[in-house]
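K.L.:
Need a 3D model of the sequence below.
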Amino acid sequence: MSRTAEANARARVGVVGAGQLARMMGEVAHDAHVELTVLAEHELESACDTCDHVLLGGARDEVALRQLAQLVDFVTFDHELVDLDVLTNLENSGLNVRPSSHALRFAVDKAHQRRELHARGLPVPRFLVVRTSDDAELAGWLDALRAEPVVKTPRGGYDGRGVFFPKSRAETVRLVDELGALGDVLVEERLELVGEFAQQVARGVDGSIALYPLVASVQSEGMCVEVRFPAGVSDAVLAEAEDLTRALAALVQPVGMMAVEYFLTDEGLVINELALRPHNTGHWTIEGVATSQFTQHLLAVSGQALGPVTTLTTNAVMVNVVGGEQAGSRDDASTVAGVFVHDYGKSFRKGRKLGHVTALGDHLTDTHVRAWKSARLYGTAAKGA
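P.N.:
Numbers count the residues shown, from 1 in each chain. You can find the predicted model right below:
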């Protein structure tokens, strides 16, 4: 087959957003028989270096989205900062939006997610959705808590943004009124955690499922800094996670990757967040699983069969590289044996995700040490677990 014929045989996928997730989709797109176009805010975004085509425009701009729709067969996402009404209009025009706007609502609108999961008996923190501190239920609901709640904006938050931890009732009331001026406010019970975990599942157009293993995650200031496989929990917790993740996939019905973030408490697992795209806690799958989350997502959204999810390592530790006081050296980070270094092509800025490193090995402690040694050489500001 000629190069032209081979390119024409590829499925045309458009990604709304051009950050590091789209960049890593671009790195594997041709292996997944996909021609990738990204909708980018500007030409310097991370994914513009790895994709086939770049279209400039905003993720909520219906004109730009319709231009993207003319160029591709399927549309998917790098983030959840989208307008669901616009996406519904595109679906009604015949565009294959994967995941669908119906499925995306579970990730875009946390208040909707909480209500739907609670109604089906799935474990979520106790919560209340309000608009003002004068809400008739709020005072009594707060009185029943053992500590001040977590206050969230249901839409638009990520990496700790839009999540607040008030220290007093007065601060809680103030936050509710300030945020309520802009829309719904999600108020949740603050849980006592044993740990934080995540599991990914891929779902094909035909409803087939590929379940990735549970992993442990370490958070700092609302941002994931480390992921470990295996998760280091009991068989009972692994089984509970698998049952919950399968139940969520059946309810949400995504096409592509879905990540579920879990809190582990003394009473068991509690669902924290959903993401309907590749996820930070799945970066280790690039080297650690037969089909990475990025390849799998493109296979699913383009209607191809899902790939195998056999693990290829005994232990894996992924560490995010977050800009510190000064830039480190990617070359130095690459000198650590058994570590894979991924750069996101971004300019240096303190507090910015610049890349990640993944270490594989037979022994968890050694793997953990090598991952953090490489990340520190790269210049990460994150603190090791």
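K.L.:
Only C-alpha atoms from now on, for both contacts and neighbour counts.
P.N.:
Fine.
K.L.:
Quick check: buried residues in the longest helix belonging to the chain?
P.N.:
Scanning the chain for the longest helix, with DSSP state H as the assignment, gives helix 235-252. Residues V237, L238, A241, E242, L244, T245, L248, A249, V252 are the ones in helix 235-252 that count as buried (16 or more other C-alpha atoms under 10 Å).
K.L.:
Quick check: what element follows that helix along the chain?
P.N.:
strand 256-265 (DSSP states H and E).
K.L.:
Within the sheet, what are the partner strands of that next one, with directions?
P.N.:
strand 195-203 (antiparallel), strand 268-275 (antiparallel) (DSSP bridges).
K.L.:
Mean pLDDT and mean neighbour count added to those strands, as TSV?
P.N.:
Output for the strands paired with strand 256-265, formatted as TSV (pLDDT from 0 to 100; neighbours: other C-alpha atoms under 10 Å):
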stretch	mean pLDDT	mean neighbour count
strand 195-203	98	24
strand 268-275	97	20
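K.L.:
And the contacts of stretch 285-298?
P.N.:
13, 21, 24-25, 28-29, 31-32, 34, 202, 256-257, 277-278, 282-283, 306-313, 316, 358, 360 (C-alpha atoms under 8 Å, 6 or more residues apart in numbering).
K.L.:
Apply 7 Å and report the result again.
P.N.:
For stretch 285-298, the external contacting residues (C-alpha atoms under 7 Å, 6 or more residues apart in numbering) are 24-25, 28, 32, 202, 256-257, 278, 282, 306-313, 316.
K.L.:
I'd like the average pLDDT over the helix or strand that contains A371.
P.N.:
Element membership for A371 (DSSP H and E) is helix 364-378. For helix 364-378, mean pLDDT is 96.
K.L.:
and what of stretch 31-44?
P.N.:
On average, stretch 31-44 scores 97.
K.L.:
likewise stretch 88-97?
P.N.:
The pLDDT scores in stretch 88-97 average 94.
K.L.:
Do me a favour and get the end-to-end distance for that stretch?
P.N.:
End-to-end distance of stretch 88-97 (C-alpha to C-alpha, to the nearest Å): 9 Å.
K.L.:
Let me see the contact set for the residue most central in space within the chain.
P.N.:
Taking C-alpha atoms, centre = their mean, the centroid of the chain lies closest to H279, which sits 3.2 Å from it. Counting by C-alpha under 7 Å, 6+ apart, H279 makes contact with A259.
K.L.:
what's the spacing between it and Q293?
P.N.:
8 Å.
K.L.:
Just the C-alphas of stretch 142-161, formatted as CSV.
P.N.:
The C-alpha trace of stretch 142-161 is given here as CSV (Å, rounded to 0.1, in the frame of the first residue of the first chain):
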residue,chain,number,x,y,z
LEU,A,142,-23.6,21.3,58.2
ASP,A,143,-24.6,20.8,61.8
ALA,A,144,-24.6,17.0,61.2
LEU,A,145,-21.0,16.9,59.9
ARG,A,146,-18.0,16.2,62.2
ALA,A,147,-15.8,18.8,60.4
GLU,A,148,-16.2,21.6,57.9
PRO,A,149,-17.1,20.4,54.4
VAL,A,150,-15.4,20.5,51.1
VAL,A,151,-16.9,23.2,48.8
LYS,A,152,-16.7,22.7,45.1
THR,A,153,-17.7,24.4,41.8
PRO,A,154,-19.5,21.6,39.9
ARG,A,155,-18.1,22.8,36.6
GLY,A,156,-14.7,23.9,35.3
GLY,A,157,-12.4,22.6,38.1
TYR,A,158,-9.3,20.4,37.6
ASP,A,159,-6.0,19.8,39.4
GLY,A,160,-7.4,21.2,42.6
ARG,A,161,-9.0,24.3,41.0
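K.L.:
one step back: how about the strands paired with strand 256-265, which one is nearest V173?
P.N.:
V173 sits nearest to strand 268-275 of all the strands paired with strand 256-265, at 23.0 Å, using C-alpha to C-alpha.
K.L.:
hang on, the earlier thing: state the pLDDT value of the residue nearest to the centre of the chain.
P.N.:
Predicted confidence (pLDDT) for H279: 97.
K.L.:
so A198 bridges to which residues?
P.N.:
When assigned by DSSP bridges, A198 has beta-bridge partners V215, E261.
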